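K.L.:
sequence below, structure please.
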Amino acid sequence: MKLTVEGLNSHYGPAHILFDIGFEVGEGEVVALLGRNGAGKSTTFRSIVGLVAQRSGRIMFEGKDVSLRPTHEIVREGLGYVPEERRIFTDLTVEENLEVGRQPKRPNAPYWTREKLFALFPNLGEMKNRPGGRMSGGEQQMLTIARTLMGNPSLVLLDEPSEGLSPKIVEQMVDAILTMKKEGVSIVVSEQNLHFARLISDRAYIIERGRICFGGTMAELDARPDIRDAHLSL
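P.N.:
Next comes the predicted model:
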């Protein structure tokens, strides 16, 4: 397995947020972590990359236990993280933002150049000299993902990549994620948008109040309207 999470428990201060979270991501898979707002999706991602301290559990990435390692070491191992907030340098151009994320080529991971990223996100290539602060929200989301890929990760955590985007940009995001998969990047996507998840995902897990309550293929989830209605309906 590319990523295995076992018995993960995390807290914010005295508040117990995640309860025995467990899931797996295979080589080259796209896996969706579905749930309503506040269900624990972002906290799960932040715990995996070491931004939220876990109290118990194990996180295995490419056969290595990274449970207690600091964030910068986890990222250097090849685990990329794109947070929900579009964290770009607004005073830097698109090209300069990409250069900030550049890392050496990694063994057994795709190697991304600016040219490949401009092919993945053509909008960025058309505005490579534009400051990040003069880009739309969708363009900033593309830039955040592209900058993460400049680190040549073998797995990427994408936190709600479709949130707040126009339908046209969402279509481009679907194409980009499927291209990333073809290039050999494993992906975990946190989403509330079930339609978006269907278009890109091999398997899905549902999280509700900090607990995993479903795991299976998208076809298995589609066959369970009771699960969808109970845990994904607004």
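
K.L.:
what bridges to the residue nearest the centre of the chain?
P.N.:
Taking CA atoms, centre = their mean, the centroid of the chain lies closest to residue 158, which sits 1.7 Å from it. With DSSP bridges as the criterion, residue 158 is bridged to residue 82, residue 189.

K.L.:
and the gap between it and residue 144?
P.N.:
10 Å (CB to CB, to the nearest Å). For every residue, glycine as well, the C-beta is placed using N, CA and C.

K.L.:
what do the two both touch?
P.N.:
Listed as contacting both residue 158 and residue 144 by CB atoms under 8 Å, 6 or more residues apart in numbering are residue 82.

K.L.:
the residue nearest to the centre of the chain and residue 82 touch, don't they?
P.N.:
Yes: the pair formed by residue 158 and residue 82 meets the contact definition of CB atoms under 8 Å, at 5.0 Å.

K.L.:
average model confidence for the helix or strand hosting residue 178?
P.N.:
Here residue 178 sits within helix 167-182, counting by DSSP states H and E. For helix 167-182, mean pLDDT is 95.

K.L.:
same check, this time on stretch 56-73
P.N.:
Rounded mean pLDDT across stretch 56-73 is 95.

K.L.:
buried stuff in that stretch?
P.N.:
57, 59-62, 66-67, 69 (16 or more other CB atoms under 10 Å).

K.L.:
from the residues you listed, which land in strands?
P.N.:
By the criterion of DSSP state E, membership of the buried residues of stretch 56-73 in strands covers 57, 59-61.
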